[in-house]
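1. Using only what follows, build the 3D model:
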Amino acid sequence: MPNKSPKRTRVQGRRSDPEYAQVGAYVPRKLHTQVKIQLLNQKKDFSELIEELLEDWIQPLLNKKNGLPEGKP
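-> I've put the predicted structure just below:
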């Protein structure tokens, strides 16, 4: 009788998560390379960086629209 190992359960990735959308952008190659190097050093992925940058950009705009003070709620 073959030894059956338990099935691995996969953590759901962003690709299959309906709360995430795939986006694309054109950036200069040199900048992209520099960013990838820094992300490797920080053990972060590109999606995390983009999410942080977009949140930092949109939050003050939403606060201003809603009459809230600048900064994160």
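2. okay, CA-based contacts and neighbour counts for the rest of this
-> Will do.
3. Please work out how many residues are found near residue 61.
-> Residues lying near residue 61 (other CA atoms under 10 Å) number 14.
4. likewise the one 3 residues further on?
-> For residue 64, the neighbour count with other CA under 10 Å is 12.
5. Then residue 60?
-> A count of nearby residues for residue 60, using other CA under 10 Å, gives 17.
6. Residue 54 versus that one, what's the distance?
-> 11 Å (CA to CA, to the nearest Å).
7. Repeat that for residue 47.
-> In terms of CA to CA, residue 47 sits 10 Å off from residue 54.
8. repeat for residue 62
-> 12 Å.
9. Quick check: next helix or strand after the host helix or strand of residue 31?
-> In this structure, residue 31 sits in helix 29-42 according to DSSP states H and E. Using DSSP H and E, the helix or strand that directly follows helix 29-42 along the chain is helix 46-65.
10. If you count neighbours, what's buried in that next one?
-> residue 60 (16 or more other CA atoms under 10 Å).
11. Who are the packing partners of it?
-> Applying 3 or more CA pairs under 8 Å, 6 or more residues apart in numbering; DSSP states H and E, one finds that helix 46-65 contacts no other helix or strand.
12. what angle separates that helix from helix 29-42?
-> Interaxial angle, helix 46-65 versus helix 29-42 (axes from the mean of the first three to the mean of the last three CA atoms, to 10 degrees): 100 degrees.
13. Give me the mean pLDDT for helix 46-65.
-> Averaged over helix 46-65, pLDDT sits at 94.
14. For residue 19, grab phi and psi.
-> Here is the backbone geometry of residue 19 (degrees, to the nearest 10): phi -80, psi -10.
15. quick one: it and residue 27, what's the gap?
-> Taking CA to CA, one finds residue 19 at 25 Å from residue 27.
16. try residue 38
-> Distance from residue 38 to residue 27, by CA to CA: 16 Å.
17. got it, and residue 67?
-> 34 Å.
18. Residue 39: what's its closest spatial neighbour, skipping adjacent residues?
-> residue 45 (6.1 Å; CA to CA, 6 or more residues apart in numbering).
19. what's the neighbour count on that neighbour?
-> Other residues close to residue 45 by other CA under 10 Å number 13.
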